[in-house]
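Colleague: Have a look at this prediction, sequence included:
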Amino acid sequence: MAERLDKILASQGVATRSEAQRLIRSGRVTVNGTVCRDPAFKWEPADCEIAVSGRPLRYRRHLYVMMNKPAGLLCVSRDPKAKTVIDLLPPDLRRQGLFPAGRLDKDTVGLVIITDDGDFAHRMLAPKKAIVKRYQAVISSPVGEEEIRAFAAGTSLEDGTRCRPAVLRVLEEKENPLVEVEITEGRYHQVKRMFLSVGRRVLRLKRVSVGKLVLDPDLKEGECREMGPGERSAVFE
Ligand code: URA
């Protein structure tokens with residue numbers, strides 16, 4: 001769909017709308033090699049080559065970012081007082097309308113997808129889709145067959161909420177075992193509350209995958225990168 005040139009630049013995070021208008025009027029923006037000084041001129045962004053100060057603009061209708069969330073940040077778009085995952089984005093991955101698709105607790109680390117594609121987030125979070133989210137947790141004491149069976153049957157939370165069946169696996173047996181959990185819903189503090197229902201506390205929680213999308217092991221906590229199209233569809237596999 002054809003859009004105003006100033007709107008295209010603003011949508012790509014190049015500048016605010018008024019800055020984009022100034023840039024365009026100053027003659028620093030070319031379209032298909034020719035200077036365009038009219039911010040209101042409409043172009044089909046996917047079909048033309050736009051450059052700002054000689055640098056080609058890579059147009060992306062939506063942005064999808066994989067982040068390895070560190071502890072201590074809120075998983076929301078903005079907060080008047082606290083730092084959020086959006087504050088961690090580098091300048092080249094910033095644009096208006098970005099939000100985290102789904103929430104992790106402040107102290108949870110691991111895979112977060114940040115996007116400006118509402119449909120994508122809606123599909124990813126829809127309970128009907130039952131997308132598998134995999135977590136690794138360090139818990140307060142060992143678990144065995146009894147807890148594995150309780151998770152498989154669907155635990156009951158403290159408020160009576162019945163959870164869907166979940167997979168519990170022990171990865172490292174020790175005083176504070178490392179376990180893996182797979183759930184297909186996303187209730188508030190769900191994994192922590194599921195463990196509380198079997199008398200364990202979660203000491204550390206990390207999300208490692210959503211659908212078939214696995215957190216890139218090269219991303220350190222606090223790092224992020226743009227996702228490719230294959231990674232986007234992996235969420236729904
Ligand atoms: N379950 C939790 O308890 N916390 C999270 O952050 C995610 C899932």
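Modeller: Yep, it's here.

Colleague: separation between the residue nearest to T84 when sequence neighbours are not counted and L215?
Modeller: With CB to CB, 6 or more residues apart in numbering as the criterion, T84 has its nearest non-adjacent residue at 4.7 Å, and that residue is L74. Bear in mind the C-beta positions are built from the backbone N, C-alpha and C, glycine included. Relative to L215, L74 is positioned 19 Å away (CB to CB, to the nearest Å).

Colleague: if we can go back for a sec, which ones are touching the residue nearest to T84?
Modeller: 82-85, 106 (CB atoms under 8 Å, 6 or more residues apart in numbering).

Colleague: same check, this time on P80
Modeller: Not one residue lies near P80 by CB under 8 Å, 6+ apart.

Colleague: neighbours around V35, how many?
Modeller: Other residues within reach of V35, judged by other CB atoms under 10 Å, total 12.

Colleague: Thought V29 was touching it, still the case?
Modeller: Yes. If you go by CB atoms under 8 Å, V35 and V29 touch, sitting 7.1 Å apart.

Colleague: now for the longest strand along the chain, which elements pack on it?
Modeller: If you go by DSSP state E, the chain has its longest strand at strand 202-210. Counting contacts by 3 or more CB pairs under 8 Å, 6 or more residues apart in numbering; DSSP states H and E, strand 202-210 packs against strand 109-115, strand 133-139, helix 190-197.

Colleague: Please name the strands paired to it in the sheet, noting orientation.
Modeller: Taking DSSP bridges as the criterion, strand 202-210 pairs within the sheet with strand 109-115 (parallel), strand 133-139 (antiparallel), strand 213-214 (antiparallel).
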